[in-house]
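[1] Whatever this is, show me its structure:
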Amino acid sequence: MVSSNPGDLKEVYVLHGTASDAERKIIAILKVLSESSEPLGSITIARELERHGIFLSERAVRYHLKIMDERGYTKPLGRDGRSITPTGLEELKSALAPDQVGFILERLELLAFRVSFNPFKKTGQVAVNTSLIDEDKFRLAMEPVGEAIEAGFCVSDLVAVASAGDKLGDVVVPDGKIGLATICGVTINGALLKAGVPIESRFGGVLEIRNALPRRFVAIINYAGTSIDPSEQYIRAGMTSVLEASRTGNGKVLANFREIPAAARGLVEDTIKALKETGINGVYVLGNISEPVCQIAVGMNRIGMVLFGGLNPLSAAVEAGIRIENVGESGMMDFQSLTSFRRI
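    Below you'll find the model as predicted:
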């Protein structure tokens, strides 16, 4: 029997609509969960969906969440609601790819806005990447990770370690894994944004290092044209040689290209100096006005800036033959919850 109540008819459509319609709603819910650093309940999710122009009742949200739990996209956390899982993040990145071109750029801008880190007080939230490693391989993986960090091919030597069931950024560490959080270069974007510097994130790339000096980008992926984090793609494709660069000064490492207004150079230098004093050293090259940087052209009255990729140390471990699941730009963490890699 079909109800004559229009609201009930809408509910029937939501619960029994086409498969593609249901998938779009699942992706929308995953996106809401990915943008939250805390677990969310169905009421909050429904409210957030409304802000994106998607109207689902609390009951409809619960229905879709049940499907997502079964697929492993979400993890119930009791009364606190649900968190997105690494599988869910992967689905969000790969599903409906044509509709998500530019997703990474949006993610970078959102995380930069959420960065609240104050380098002078050493307090606030920083953006992180999360890497998941088999428990029995963790200590073995830390050897090449440590080599890359000691060589300076990282944003920071500050990390966080978590066991199964704990959370790093927006990622809950699954059973049988140990999680490692590393500071993401977006933290530098956020610090510059808070200092009043507009910054343009152009692309993620692979940078050739020769004689311990930057030479040129040998691969680039524009953020505005991709739905998948470039660093994750390069690692999977085996396009880096971070371990070799760490040992010999020659190799290929993950790096990201930014542009800033020339007039903001003083502010940028002050912010970089303040960040270095907190252990965040991700800025590799700061160019001159309107001059190419690592063979990349820069706009008039602009300055090019190269940042190390936060996943370089994990790329070194993958090169050493260790299987690692990396989740770039995985969320936010309190700066004071991080510790020096040397202490783990």
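[2] Just say helix, strand or coil for residue 75.
    Classification of residue 75 using DSSP: H, G, I helix; E, B strand; the rest coil returns strand.
[3] if I read this right, it contacts residue 87, doesn't it?
    No - between residue 75 and residue 87 there is no contact under C-beta atoms under 8 Å: 9.6 Å. The way it works is simple: take the backbone N, C-alpha and C, and place the C-beta from them, glycine included.
[4] Quickly find the element holding residue 204.
    Remark: residue 204 resides in strand 200-210, with elements defined by DSSP states H and E.
[5] Equivalent analysis for residue 316, please.
    Secondary structure (DSSP H and E) places residue 316 in helix 312-319.
[6] One more: residue 240?
    Short version, using DSSP H and E: residue 240 is in no helix or strand.
[7] any idea how far it lies from residue 291?
    27 Å (C-beta to C-beta, to the nearest Å).
[8] between those two, who's got more neighbours?
    Per other C-beta atoms under 10 Å, whichever of residue 240 and residue 291 has more neighbours is residue 240, with 26 against 11.
[9] ok, for that one, nearest residue in space, not its chain neighbours?
    Closest residue in space to residue 240, ignoring its immediate chain neighbours: residue 315 at 4.7 Å, by C-beta to C-beta, 6 or more residues apart in numbering.
[10] Spell out the residue ranges of the helices in the protein.
    Counting by DSSP state H, the chain has helices at residues 6-16, 19-34, 42-51, 58-71, 86-94, 103-114, 138-151, 186-194, 230-236, 242-248, 265-276, 312-319.
[11] Would you mind saying which of these lies nearest residue 202?
    Among the helices of the chain, helix 103-114 comes nearest to residue 202, with 9.6 Å by C-beta to C-beta.
[12] quick one: the closest one to chain centroid distance?
    For helix 103-114, the separation from the chain centroid amounts to 9 Å (computed by C-alpha atoms, centre = their mean, to the nearest Å).
[13] Also stretch 39-55?
    On C-alpha atoms, centre = their mean, the centre of stretch 39-55 falls 22 Å from the chain's centre.
[14] quick check: mean pLDDT across that stretch?
    Regarding stretch 39-55, the rounded mean pLDDT is 88.
[15] so how far is the first residue of it from its last?
    In stretch 39-55, first residue to last residue: 20 Å (C-alpha to C-alpha, to the nearest Å).
[16] Show me the contact partners of that stretch.
    The contact list for stretch 39-55 (C-beta atoms under 8 Å, 6 or more residues apart in numbering) reads 25, 28-29, 31-33, 56-58, 60-62, 65, 77, 79-83.
[17] Buried ones among those residues?
    For the contacts of stretch 39-55, a burial check counting by 16 or more other C-beta atoms under 10 Å picks out 25, 28-29, 31-33, 56, 60-61, 65, 77, 81-83.
[18] can I get the residues you listed in TSV with distance to residue 92?
    TSV is the format used below for the buried ones among the contacts of stretch 39-55 (distance: C-beta to C-beta, whole Å):
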residue	distance to residue 92
25	13
28	10
29	10
31	6
32	10
33	9
56	17
60	19
61	16
65	15
77	19
81	17
82	14
83	13
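[19] Identify, from those, the entry nearest to residue 198.
    The closest of the buried ones among the contacts of stretch 39-55, once distances to residue 198 are taken by C-beta to C-beta, is residue 31, at 25.3 Å.
[20] Skipping its backbone neighbours, what lies nearest the closest one in space?
    Residue 31 sits nearest to residue 92 (C-beta to C-beta, 6+ apart), 6.2 Å away.
[21] residue contacts, that neighbour?
    Residue 92 neighbours (C-beta under 8 Å, 6+ apart): 27, 30, 31, 34, 84.
[22] gap between it and residue 107?
    For residue 92, the distance to residue 107 - C-beta to C-beta - is 10 Å.
[23] Tell me the residues that contact both of the two, please.
    By C-beta under 8 Å, 6+ apart, the residues touching both residue 92 and residue 107 are residue 34.
[24] Please report the confidence value the model assigns to the closest residue to residue 158 other than its chain neighbours.
    In this structure, residue 158 finds its nearest non-sequential neighbour in residue 338, 4.1 Å apart by C-beta to C-beta, 6+ apart. Here, the pLDDT recorded for residue 338 equals 98.
[25] For residue 338, give its distance to residue 124.
    12 Å.
[26] How about residue 151?
    28 Å.
[27] higher neighbour count, the two?
    Between residue 151 and residue 124, counted using other C-beta under 10 Å, residue 151 has the larger neighbour count: 22 against 18.
[28] residues in contact with that one?
    Residue 151 neighbours (C-beta under 8 Å, 6+ apart): 245, 246, 247.
[29] just to revisit the earlier point, can you show me the CA trace of the helix holding residue 316 as CSV?
    Coordinates of each C-alpha in helix 312-319 appear next as CSV, following Å, rounded to 0.1, in the frame of the first residue of the first chain:
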residue,chain,number,x,y,z
ASN,A,312,58.1,10.7,1.3
PRO,A,313,59.2,8.6,4.4
LEU,A,314,56.4,6.1,3.7
SER,A,315,57.4,6.0,0.0
ALA,A,316,60.8,4.9,1.1
ALA,A,317,59.3,2.0,3.1
VAL,A,318,57.3,1.0,0.0
GLU,A,319,60.4,1.0,-2.1
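[30] Low-confidence ranges, this protein, go.
    Across the chain, the ranges flagged by pLDDT under 70 are 1-19, 95-102.
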